[in-house]
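A.B. asks: What would the 3D arrangement of this be:
(chains A and B)
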Amino acid sequence: MFFDLNIPVPSSSSSSVSQAKKGKGKQAKATTPSASAFSPSQVNALESRIDLLLQLGYTVLAFNQVVDKKVDTKSHCNVLDSLLPQLKQRPGVVFLKRLTIILDEDSEKGFGLINANIPIFNSYDLISLLPTSATTFSLACLTHSLPSPLTAHIISLPLTLPRLPFRMKHTLIRTALKNGAVFEINYIGALGGENDPCLVTADAAINDSSAKRNWWAASRELCRVTKGKGILVSSGAIADADLRAPRDIGNIISLLDVPQNTARDSMSTLPRSLVRRAETRKTYRAVLSEPKVVIPENPSQPKLSASVAEIPLNRVSNGANVGADIAVHDVLAAQGSPESGTVNERDGPSGPVAIPHANGQKRPREDVEKQAVAPPVDHETRKKKRKKNKEGRGPTIATGGAGS
Amino acid sequence: MVRFKNRWLLVEFIPLHQGENTALNGQQIFNALKQSILANFGDTGWGAVGMSLNVTYFSPVTNICIIRVARDHHNLAWAALTLVTAIGASRYIPNVVHLSGTIKHAQLAAVEHNRKAIARYRSLAKTPAAYHDSFEEYLETSSKEIESLKG
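C.D. replies: Numbering: from 1, shown residues only, chains lettered A, B, ... in the order given. Next comes the predicted model:
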């Protein structure tokens, strides 16, 4: 299972922006520009590219819409929403929608990634930022990588520029990685192929002969500062001839002094966990599955009844549930994960409350908990782990035997 | 002493435009690969792999090719192969199907890949199930040819 999370969409943002400018605001909004944004020939070209990518072994493809400087609330439209239904559905292949915002000095004051615009961003599966100045780079690493409905999980860098416009400080990189962001390398730079015209006009990429050597220098630097962790590799190619098979790219990435397994993971395991993490943008406090409560056969323990009396009244909605409710809270607290499934907090604005127990501590005595409930089983995470173990083997290398 | 060890790359060159499939040959592939190594890794790079680099087999029907290279720097040769964008005037996508340490497994993988490629051609041609085409013969001759290769 290999991922290509950057497939540029032909003339995406430029068409919608120019149309909005012509119509001057309201008129352009009334006539939805997205409907006629893609001609049949463009769709056919994309279809053949998808076939090619499938032949090369990719199964999850993300189409990328690029926006320059900032997301304009009035004129912005999601061109991918109109594109994806036009594409032929293939069994076992996933299409994702991705938005890239190019940040420069003008975007330092704000570029539309704010709470008021959540509906716009919720229509995308992935959000990525492409900083081209020091300030926006630290914004992307520190502010926009924090978990929220607007997290930009991918930080893309202008690797083909003669010199990176900022220094990649260790603290910034570390914070971004800790928050779960990843850094993207587009392998199109290694081949010296043609870049997305949107990036070229925004000065985030160049198309001349020096692009290739800039790419090798900048990517090596990126691999050095990240120590090979959190590197995502995707194509970013607009010409079919610049696509390559995942294993070949894995080999190219391993030339950047990245361990072989990391190079391979950058197209398989890492993007998969990234897509899963990006899904949590749309859920309540990043809860993907509700923990299952196992209600014990004999819930009325003498010691629990003492603690029931101290619980605030609005929590005691159903007498039978109380024991289980506390247990869930305790198990979660013991796991120390504030974002994984807080059943209690959903019913009211009361927020997390440490419930006092009979023994005067935050956690009940061991024996009480043992008798009261069996710990909830999180099927979701278990399945995920098992999948990870199963997932693919390295490139087929058969050694041994007689050579020449 | 340890014997000399090789890596065998089984490469498929995917033509971009199916129609104008101008005949490719092993020599052209070798030259393209050499140019790519010289351009990307320079003289030292060519010096590391040049002696052992060898195009052992090429099939023009399915565009597959077996390349031999010394094990020490096979990553370099592989990377240079990936960075090849055009052979002659037409553009191809090099796709390494299999990488093996013995020619035996390169042969097995080549025969298997030939079958898959022929199956794909047939599904594109949409001929009836029992139709006998020239591919049948090709599969037999190519399998024999591949199996007769000697490291």
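A.B. asks: what about B:Ala23, how many residues close to it?
C.D. replies: 7 (other CB atoms under 10 Å in any protein chain shown). (C-beta placed from N, C-alpha, C; glycine too.)
A.B. asks: Is it in a helix, a strand, or coil?
C.D. replies: Secondary structure assignment for B:Ala23 (DSSP: H, G, I helix; E, B strand; the rest coil): coil.
A.B. asks: Quick check: it vs B:Asn31, distance?
C.D. replies: 15 Å (CB to CB, to the nearest Å).
A.B. asks: which intervals of chain A have sub-threshold pLDDT?
C.D. replies: A:11-37, A:299-404 (pLDDT under 70).
A.B. asks: Where does the record place the domain boundaries for it?
C.D. replies: Domain segmentation of chain A under automatic domain parsing yields A:2-282, A:286-383.
A.B. asks: surely B:Ala23 meets B:Val61?
C.D. replies: No: counting by CB atoms under 8 Å, B:Val61 is not a contact partner of B:Ala23; they are 10.3 Å apart.
A.B. asks: near chain B, which residues of the stretch 151-300 of chain A show up?
C.D. replies: A:190-193, A:240-245, A:247-249, A:251-252, A:254-255 (CB under 8 Å from any CB of the partner chain).
A.B. asks: Now with 6 Å, please.
C.D. replies: A:240-241, A:244-245, A:248, A:251-252, A:255 (CB under 6 Å from any CB of the partner chain).
A.B. asks: For A:Glu297, grab the count of nearby residues.
C.D. replies: Residues near A:Glu297, counting by other CB under 10 Å, number 4.
A.B. asks: what's the answer for A:Leu222, then?
C.D. replies: Using other CB under 10 Å as the criterion, the residues surrounding A:Leu222 number 20.
A.B. asks: That one and A:Val43: what is the separation?
C.D. replies: Taking CB to CB, one finds A:Leu222 at 34 Å from A:Val43.
A.B. asks: follow-up on the earlier one: find residues that contact each of B:Ala23 and B:Val61.
C.D. replies: Shared contacts of B:Ala23 and B:Val61 (CB atoms under 6 Å, 6 or more residues apart in numbering or on different chains): none.
A.B. asks: Which element, helix or strand, includes A:His7?
C.D. replies: Quick fix: residue A:7 reads Ile, not His. Of the helices and strands defined by DSSP states H and E, A:Ile7 is found in strand A:2-8.
A.B. asks: ok, that strand near chain B or not?
C.D. replies: No: residues of strand A:2-8 are not located near chain B by CB under 6 Å from any CB, the shortest gap being 12.8 Å.
A.B. asks: tell me the contacts of the nearest residue to A:Cys223 once chain neighbours are set aside?
C.D. replies: Leaving aside its chain neighbours, A:Cys223 sits nearest to A:Leu256 (4.6 Å; criterion: CB to CB, 6 or more residues apart in numbering or on different chains). Neighbour list for A:Leu256: A:219-220, A:223 [criterion: CB under 6 Å, 6+ apart].
A.B. asks: Please flag which of the residues you listed sit within helices.
C.D. replies: A:219-220, A:223 (DSSP state H).
A.B. asks: By neighbours, which of the residues you listed wins?
C.D. replies: A:Ser219 (26 neighbours).
A.B. asks: tell me the secondary structure for B:Tyr92?
C.D. replies: strand.
A.B. asks: try the one 3 residues further on
C.D. replies: Following three-state DSSP, we place B:Asn95 in the strand state.
A.B. asks: roughly how far apart are it and chain A?
C.D. replies: 5 Å (CB to the nearest CB, to the nearest Å).
A.B. asks: Quick one: residues contacting that residue.
C.D. replies: B:Asn95 neighbours (CB under 6 Å, 6+ apart): A:245, B:12, B:14.
A.B. asks: which non-adjacent residue is nearest B:Gln107?
C.D. replies: Excluding its sequence neighbours, the residue lying closest to B:Gln107 (CB to CB, 6+ apart) is B:Ile146, at 5.1 Å.
A.B. asks: Backbone dihedrals for A:Asn186, both of them.
C.D. replies: phi -90, psi 120 (degrees, to the nearest 10).
A.B. asks: show me the residues around it that make contact.
C.D. replies: Applying CB under 6 Å, 6+ apart, the residues near A:Asn186 are A:234, A:236.
A.B. asks: List the beta-bridge partners for it.
C.D. replies: A:Ser234 (DSSP bridges).
A.B. asks: Next, find the distance separating B:Gly42 from B:Arg71.
C.D. replies: B:Gly42 is 21 Å from B:Arg71, by CB to CB.
A.B. asks: Ok, A:Leu84 next?
C.D. replies: In terms of CB to CB, A:Leu84 sits 45 Å off from B:Arg71.
A.B. asks: May I see the domains of chain A arranged in CSV, with distance to B:Asn114 as well?
C.D. replies: Listed next are the domains of chain A as CSV, based on distance: least, CB to CB, whole Å:
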stretch, distance to B:Asn114
domain A:2-282, 15
domain A:286-383, 38
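A.B. asks: Can you tell me which of these is packed in deepest?
C.D. replies: For the domains of chain A, ranked by mean neighbour count under the definition mean count of other CB atoms under 10 Å in any protein chain shown, the leader is domain A:2-282 at a mean of 19.
A.B. asks: what about that domain, how long is it end to end?
C.D. replies: Criterion CA to CA, to the nearest Å; first-to-last residue distance in domain A:2-282 is 24 Å.
A.B. asks: same check, this time on stretch B:44-59
C.D. replies: 31 Å.
A.B. asks: Same check on stretch A:264-274?
C.D. replies: 15 Å.
A.B. asks: same deal with stretch A:139-157?
C.D. replies: End-to-end for stretch A:139-157, by CA to CA: 13 Å.
A.B. asks: tell me the phi and psi of residue 56?
C.D. replies: Answering for chain A, as no chain was given. Dihedral angles for A:Leu56 - degrees, to the nearest 10 - are phi -80, psi -10.
A.B. asks: nope, chain B
C.D. replies: Dihedral angles for B:Thr56 - degrees, to the nearest 10 - are phi -80, psi -40.
A.B. asks: A:Asp4 touches A:Thr59, doesn't it?
C.D. replies: No: contact between A:Asp4 and A:Thr59 fails when scored by CB atoms under 6 Å: they sit 9.2 Å apart.
A.B. asks: Now do the strands in chain B.
C.D. replies: Here chain B has its strands, by DSSP state E, at B:6-15, B:54-59, B:64-70, B:86-87, B:90-100.
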